[in-house]
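> no FASTA, just this:
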């Protein structure tokens with residue numbers, strides 16, 4: 001069986017969705033960000049362990065990671081493990097929140 005390559009995306013909220021170079025607004029507070037993701041079956045794994053530096057949310061076919069210790073989040077990293085499961089969820093999440101995803105390999109924007 002061939003090993004699938006993980007796809008790395010950066011999640012942002014562009015000021016102008018038609019111009020990726022116009023800058024970005026914050027994604028929200030960590031609490032608001034987690035609440036938005038939770039509506040799309042994407043949550044922490046439920047462990048009581050304290051993570052140092054990074055929070056990881058688990059969704060269908062992907063994880064979302066963001067740096068802890070900030071009042072607002074400017075971006076988050078999405079690691080896509082299974083495109084078939086992840087893409088519909090990520091697309092709906094981005095559309096509902098006004099977020100975009102940028103592929104770190106190609107530079108393409110989605111969402």
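Nice, I can see it. Since the model is a prediction, treat every value here as computed from it, not as a measurement.

> need the contact partners of the longest helix seen in the chain.
Looking across the chain with DSSP state H, the single longest helix is helix 83-97. By Cβ atoms under 8 Å, 6 or more residues apart in numbering, the residues outside helix 83-97 that reach it are 7, 9, 11, 13, 27, 36-37, 39-42, 59-62, 78, 80, 99-101, 110-111. C-beta coordinates here come from the backbone N, C-alpha and C atoms, glycine included.

> show me what the longest strand belonging to the chain is packed against.
Longest strand of the chain, by residue count under DSSP state E: strand 7-14. In this structure, strand 7-14 makes packing contacts with strand 24-25, strand 76-80, helix 83-97, strand 100-103, judged by 3 or more Cβ pairs under 8 Å, 6 or more residues apart in numbering; DSSP states H and E.

> and it, which residues are buried?
For strand 7-14, the neighbour count (16 or more other Cβ atoms under 10 Å) marks 7, 9, 11, 12, 13, 14 as buried.

> can you redo the residues you listed as TSV with pLDDT and distance to residue 73?
Shown next, in TSV, are the buried residues of strand 7-14 (pLDDT from 0 to 100; distance: Cβ to Cβ, whole Å):
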residue	pLDDT	distance to residue 73
7	93	21
9	97	15
11	96	9
12	95	10
13	94	9
14	92	14
